[in-house]
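> Need a 3D model of the sequence below.
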Amino acid sequence: MAVTSALFARFLRLGMVAVGVGAIVHEVQAELHFKPADHVLGDVHPFFHEGECFLFYLKPGEFRSSLLRSRDLFHWREAEVTHGPPEPDAWMEPWFVLGVFRDRAEGVYRSFYGTRGGRMVNSVSRDLLHWSCAPKEFHVPPAGYYRRRRDPFVFWIPPMKRYGCVMTTWMKESGPKETGGAVSLATSDDLRKWTDHGAIIHPGDMNEPECRQMFTLGGRWYVLAGIHQGQGEKGGWGSRAPWTSTSPLGPRSLIHI
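Numbering: from 1, shown residues only. Just a heads-up that it's a prediction; the model follows:
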């Protein structure tokens, strides 16, 4: 929290100015947005480190991992992010860095991502710029209950003293993916050996939930995800759907907003 306190204070001051002077609102909104000059971006994942925001995102095409950096969230600069040559038996995809977290036990940064085979693997870095494939034991092995699994989000669960990994899944024997979408959870105390808890959210009436995250707030656990609404004029990714529970393992109820 100390890392982002200065940025938070700046946002608070800007918010007070915008409320007091309505004409400034549009100017502030414009400054808080960033658009690359020659491409679109997607799947944005911010990580704050020593007072700086490292904004990882995917470029179109092969969805290659890319990076922007800023110390004030107004002025951004593109930075090169690279991956070393993989070993013969290693796996690597172009989206090798997405959501980042600090592995303090090993003194490195990690980013988990899903390969085409459904395995949740990770890249590792010491400087957030140069990445390599983590050793083979650092992965979340496949399970047999899903048809497709991807987009892991790894976080720390204090009451369990374990890491959690929530994943987008399309469940087997649940019909088309438009109704077979679910959020699944695995936990580990060392990022090597994982316990798969299966689907923790599977209502049977939603598409694959995108960009899901789990966090605790006010003594309760929340899961946020974007639900695809199908094609057509009103299709695309809908509003963020929140579920809540007293336990990271559930059961969960959907909050209607």
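> And the strands in the stretch 1-150 of the chain?
Per DSSP state E, counting those that start in this stretch, the stretch 1-150 of the chain carries strands over the ranges 42-49, 52-58, 65-70, 77-79, 82-83, 101-103, 108-114, 120-125, 130-133, 146-157.
> Let me have those strands in CSV, extended by mean pLDDT and mean neighbour count.
No exception for glycine: its C-beta is placed from N, CA and C like everyone else's. Listed next are the strands of the stretch 1-150 of the chain as CSV, based on pLDDT from 0 to 100; neighbours: other CB atoms under 10 Å:
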stretch, mean pLDDT, mean neighbour count
strand 42-49, 89, 15
strand 52-58, 94, 20
strand 65-70, 94, 19
strand 77-79, 92, 11
strand 82-83, 94, 16
strand 101-103, 94, 16
strand 108-114, 93, 21
strand 120-125, 92, 22
strand 130-133, 95, 19
strand 146-157, 90, 19
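> any low-confidence regions in this protein?
Segments of the chain classed as low confidence (criterion: pLDDT under 70) are 1-32, 117, 228-240, 256-257.
> Helices along that one, start to end?
5-20, 25-31, 177-180 (DSSP state H).
> residue contacts, Arg126?
When the contact criterion is CB atoms under 8 Å, 6 or more residues apart in numbering, the partners of Arg126 are Gly107, Val108, Tyr109.
> Dump the strands of the stretch 1-150 of the chain to TSV, plus distance to Arg212.
Putting those into TSV (distance: least, CB to CB, whole Å) gives the following:
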stretch	distance to Arg212
strand 42-49	12
strand 52-58	17
strand 65-70	20
strand 77-79	27
strand 82-83	25
strand 101-103	15
strand 108-114	13
strand 120-125	14
strand 130-133	23
strand 146-157	6
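> Of all those strands, which one comes closest to Met171?
strand 146-157 (5.7 Å; CB to CB).
> Give me the number of neighbouring residues for the residue lying closest to Trp156 once chain neighbours are set aside.
Setting aside the residues directly before and after it, Trp156 is nearest to Tyr163 in space (CB to CB, 6 or more residues apart in numbering), at 6.0 Å. Number of residues near Tyr163 (other CB atoms under 10 Å) recorded here: 21.
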